[in-house]
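>>> What follows is a predicted structure for the sequence shown.
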Amino acid sequence: MLANPRLASAQEGVIDREPEIKAAYLYNFGRYVEWPAENVSAGGSGAFLIGVVGDTAVLTPLRTIAATKKVAGRPITLVEMKAAADYRPCQLLFVPSGQDPEMVKSILKKARETATLVVGEEEGFAARQGHIGFYVEQNNMKFEINSSGAEKSGLKISSKLLSLGRIVGERQGN
């Protein structure tokens, strides 16, 4: 389910069903990453926690997935972070574009203290701030992976996922 489906006709110039596709990717990222033992129980609920920063259209399809799917046999719980004070340790953190930069900076600082897979959608996100970043190429949703950054965070990304993404490195000084 990680294939890059054709998203819309080239004439439209926009991606059709982008929120649903991103939500599906987020779910699948959770299936192809291994967390260190201390982060597996982050939040203490036994659930697989997906944090979402701010408002995004991805929340609606992600709620549907969370209601019907599991990751590694664990129910999915969404943690909506509308302010930095809402931060809660999670296994996966999604940072949509267009969020308050100070809030994002504060939440990312806290997320870096734990083994959290950080996924974003701003250009160059994986190299600058996180582990995986979405991008669009020829009207297809794709992703880049900062595998060295993920490894430094204690995350092990499966070779299958690595083979599907474009590998990028961390930029120095950020």
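Perfect, I can see it now. Numbering: from 1, shown residues only.
>>> surely R112 meets L155?
No. Using C-beta atoms under 8 Å, R112 is not in contact with L155, being 11.8 Å away. Yep, even glycine has a C-beta here, placed from its N, CA and C like the rest.
>>> So which of the two has more stuff around it?
Between R112 and L155, L155 has the larger neighbour count (other C-beta atoms under 10 Å), namely 21 against 15.
>>> How much space separates the more buried one from F48?
To F48, L155 is 14 Å away according to C-beta to C-beta, to the nearest Å.
>>> next one: S158
According to C-beta to C-beta, S158 and F48 sit 16 Å apart.
>>> Break down this protein into its strands, ranges please.
Assigned by DSSP state E, the chain shows strands spanning 33-34, 48-53, 70-71, 74-81, 92-95, 117-120, 132-137, 140-145, 156-157, 166-167.
>>> Quickly run through the sheet partners of the longest one, with directions.
In its sheet, strand 74-81 lies beside strand 48-53 (parallel), strand 70-71 (antiparallel), with partners assigned from DSSP bridges.
>>> Ok, the first one next?
According to DSSP bridges, strand 33-34 has the following sheet partners: strand 156-157 (antiparallel).
>>> per-residue confidence at P61?
pLDDT for P61: 98.
>>> Helices along this protein, start to end?
Ranges of helices within the chain are 18-31, 37-40, 59-68, 101-111, 125-128, 147-152, 159-164, based on DSSP state H.
>>> I132: neighbour count?
Quick note: I132 (other C-beta under 10 Å) scores 28 neighbours.
>>> what do you get for Q91?
Neighbours of Q91 (other C-beta under 10 Å): 27.
>>> Just name the shakiest helix or strand of this structure by mean pLDDT.
Ranked by mean pLDDT, DSSP states H and E, the weakest helix or strand in the chain is helix 37-40, scoring a mean of 66.
>>> Now do the contacts for the residue nearest to G98 when sequence neighbours are not counted.
Of all residues not flanking G98 in the chain, G54 sits nearest, at 7.6 Å (C-beta to C-beta, 6 or more residues apart in numbering). Counting by C-beta atoms under 8 Å, 6 or more residues apart in numbering, G54 touches M81, K82, P96, G98, Q99, D100, M103.
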